[in-house]
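> Could you work out the structure for the sequence below:
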Amino acid sequence: MCDRYSLKEAPDVLKSHFQFNTFLNIQPRYNIVSTQLAPIVTKDKTDRKLSMLQWGFSSREQINPSSKSYLINLRAETLLENHSLRKTSPNRCCLVLADGFYEWKKEYNKKQPYRIHFANNNVFAFAGILDEGYLTDFKQRKQKKFVIITTEALTSISHNLAFSALKSCAGFGIRSYKVSPMLGNTEHGSPDLLNKYSDTQLSLF
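Numbering: from 1, shown residues only. Reported below is the predicted structural model:
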């Protein structure tokens, strides 16, 4: 499961890497959480487009009408078991831009967050799928949302963490390190979340 990630690269670097034809003045993000707007890339017949969409949608809207849960991830292995997604068109697929994400492990009876990233610190993209639901406001404006597609957990890297979102990229050199427990605060988004966190600091909490 992926429920937090980061994207700090400059817009021009992202444009060069992902070859989209639009430009948005994206600010660095160090703690992207569900329900927030986040940059994604979609493709029409000829071009790639960068947009800011909301991460997550209600399963009531799209997957299971009897459920009240809120979805931020869908498993690739069971994706097509959802009846409403079996005929998903290519224009509902998207790239979710990131340069790292976070996972938690229980240590000292507390959950310790780790940051996962490529050894070369390059940007990458999660696979994503769009929802065609509506965001209700005074204009009844249509608003697309997205979820991240994950796959079977990767357990072949240090600390036995399950880095499911990047299993297919394991050969490119994935690294991980501890970060501050302040990551758990959804309102905390400062650059220091990317700093390495020591066990000495952990004992202070």
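> can we go C-alpha only for contacts and neighbour counts from here?
Noted.
> In the chain, what residue spans correspond to strands?
5-7, 29-32, 37-43, 48-55, 57-58, 70-71, 73-75, 93-98, 100-107, 110-118, 124-131, 145-150, 174-178 (DSSP state E).
> which of those has the lowest average pLDDT?
Note on the strands of the chain: strand 57-58 shows the lowest mean pLDDT, a mean of 76.
> so what strands line up beside that strand?
strand 70-71 (antiparallel) (DSSP bridges).
> Enumerate the positions of the longest helix seen in the chain that are buried.
For the chain, the longest helix by residue count, based on DSSP state H, is helix 11-18. Of all the residues in helix 11-18, those buried under the rule 16 or more other C-alpha atoms under 10 Å are 14-15, 18.
> For that helix, list the C-alpha coordinates in PDB.
The C-alpha coordinates for helix 11-18 follow below in PDB (Å, rounded to 0.1, in the frame of the first residue of the first chain):
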ATOM      1  CA  PRO A  11       8.800  21.500 -13.300                       C
ATOM      2  CA  ASP A  12      11.200  21.800 -16.200                       C
ATOM      3  CA  VAL A  13      12.900  18.500 -15.100                       C
ATOM      4  CA  LEU A  14       9.500  16.800 -14.900                       C
ATOM      5  CA  LYS A  15       8.600  18.100 -18.400                       C
ATOM      6  CA  SER A  16      11.800  16.800 -19.900                       C
ATOM      7  CA  HIS A  17      11.500  13.400 -18.200                       C
ATOM      8  CA  PHE A  18       7.800  12.700 -18.900                       C
END
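> What is the neighbour count of residue 144?
19 (other C-alpha atoms under 10 Å).
> I'd like the strands of the chain as a markdown table, with distance to residue 186 and mean neighbour count appended.
Formatted as a markdown table, those follow (distance: least, C-alpha to C-alpha, whole Å; neighbours: other C-alpha atoms under 10 Å):
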| stretch | distance to residue 186 | mean neighbour count |
| --- | --- | --- |
| strand 5-7 | 12 | 23 |
| strand 29-32 | 7 | 22 |
| strand 37-43 | 14 | 20 |
| strand 48-55 | 14 | 20 |
| strand 57-58 | 18 | 21 |
| strand 70-71 | 17 | 16 |
| strand 73-75 | 18 | 18 |
| strand 93-98 | 17 | 22 |
| strand 100-107 | 13 | 18 |
| strand 110-118 | 13 | 19 |
| strand 124-131 | 21 | 20 |
| strand 145-150 | 18 | 24 |
| strand 174-178 | 18 | 19 |
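> Tabulate these in a markdown table, adding columns for distance to residue 197.
A markdown table is the format used below for those (distance: least, C-alpha to C-alpha, whole Å):
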| stretch | distance to residue 197 |
| --- | --- |
| strand 5-7 | 17 |
| strand 29-32 | 15 |
| strand 37-43 | 26 |
| strand 48-55 | 28 |
| strand 57-58 | 33 |
| strand 70-71 | 30 |
| strand 73-75 | 27 |
| strand 93-98 | 21 |
| strand 100-107 | 13 |
| strand 110-118 | 9 |
| strand 124-131 | 24 |
| strand 145-150 | 27 |
| strand 174-178 | 5 |
